[in-house]
Structures are given as structure tokens and as C-alpha cells.
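Enquirer: could you look at this predicted model? Sequence included:
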Amino acid sequence: MIRSRSLLNAIALVCVGLVAIALYLQHVTGLLPCPLCVIQRYLFLAIALCCAIGAFGDKPKLGAGLGLAGALAGLAVVGKHLWVLAHPGLSCGIDPMETALNKIPSATLLPWLFKADGLCEDARDTLLGLSIPQWSALWFVLLTGALIYLLARRQR
């Protein structure tokens, strides 16, 4: 049986890996992140941080619980993103959310990671048949399931 700490570490690594893939898509292929994409990056990194703290701390269930909150928030954000894609003509483009998001300290200190420059409706490029927001949704569902599993089972 998989130990809680090992699974928390694996979840943290997956989340960091997903952000690394997003950076590759941004900086190598030129796919600019929209505000909803950037919020998803924040949430993947928040899940990673919570799971890493849970794995190395005394309370793995607390880390899993906080990670689950991030995963559920990620499902809400990616749901909004998929809704925008399903309704052509709508945009989250250059709006107050983008302006506010680009002015927070993490975006000004690390613009290569957190600056939103793209339009949400432009996220139609596919990777293995799924759009990037669809991949993000799939990963948030998997992470949510894994974290619920961790919280529901007896601690090991």
C-alpha cells in the first residue's frame, strides 16, 4: 500500500511538472497564458506546496486537506475556462482581472511565470487531442481524486 507521505510527494512533483510543461508551452512554443491559465498555475503550485508541507510535516492529512481545497478551486477555474471556450465570442481577455493579476507582487517579480498576456479563447491548440484547459481539467480531477483518497483512508 502506498504511504501517505509518498503520495503527497508524488502529487507535489506532478503539480510542479505540470507548471514546467506550461512554461515550456509558453516560452518554447509561444502559447501565451491567459488570466485563467495563470490562476491555474498558482493553484497547481499551491497544491504542490501544501502536499510538500504535509509530506514533510507532522500532519499529512492537513496538507492533503489544504491541497484538496486548491484542487477544488482549480476545478472551478478550469470549469470557467472551458465555459469560455464553449461559448465563442466571450472573452476574459484584457479586463480588470488581467490587470489586477499582473500587478500582484509574484507577477511583477516573476513575470516569466505569472504574467497573463494571452486571451482565454485562444487556448484551442491541442496536445494529444485535448486542449490545454481540458488537460488541466483532467489533472485537477485526478489530483482531487487522489487527495480525497488520502483523506478517506486510514493514515499510514
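Expert: Here it is on my side, so go on. Numbers count the residues shown, from 1 in each chain.

Enquirer: switch to C-alpha atoms for all contacts and neighbour counts from now on
Expert: Noted.

Enquirer: low-confidence bits of the protein, can you list those?
Expert: Counting by pLDDT under 70, the chain has low-confidence residues at 1-2, 89-96, 120-127, 155-156.

Enquirer: and the helices in it?
Expert: 4-27, 35-56, 60-86, 96-103, 105-109, 111-114, 132-152 (DSSP state H).

Enquirer: mean neighbour count, those: which tops it?
Expert: The highest average neighbour count among the helices of the chain, using mean count of other C-alpha atoms under 10 Å, belongs to helix 35-56 at a mean of 24.

Enquirer: report the contact partners of the spatially closest residue to Y42 that is not a sequence neighbour.
Expert: Once flanking residues are discounted, Y42 sits nearest to F114: 8.0 Å by C-alpha to C-alpha, 6 or more residues apart in numbering. Neighbour list for F114: V38, R41, Y42, N102, S106, A107 [criterion: C-alpha atoms under 8 Å, 6 or more residues apart in numbering].

Enquirer: export these to CSV and tack on distance to G145?
Expert: Shown next, in CSV, are those (distance: C-alpha to C-alpha, whole Å):
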residue, distance to G145
V38, 23
R41, 19
Y42, 19
N102, 31
S106, 29
A107, 30
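
Enquirer: what's the most distant pair in the residues you listed?
Expert: Distance extremes for those: the farthest pair is R41 and N102 at 13.5 Å, using C-alpha to C-alpha.
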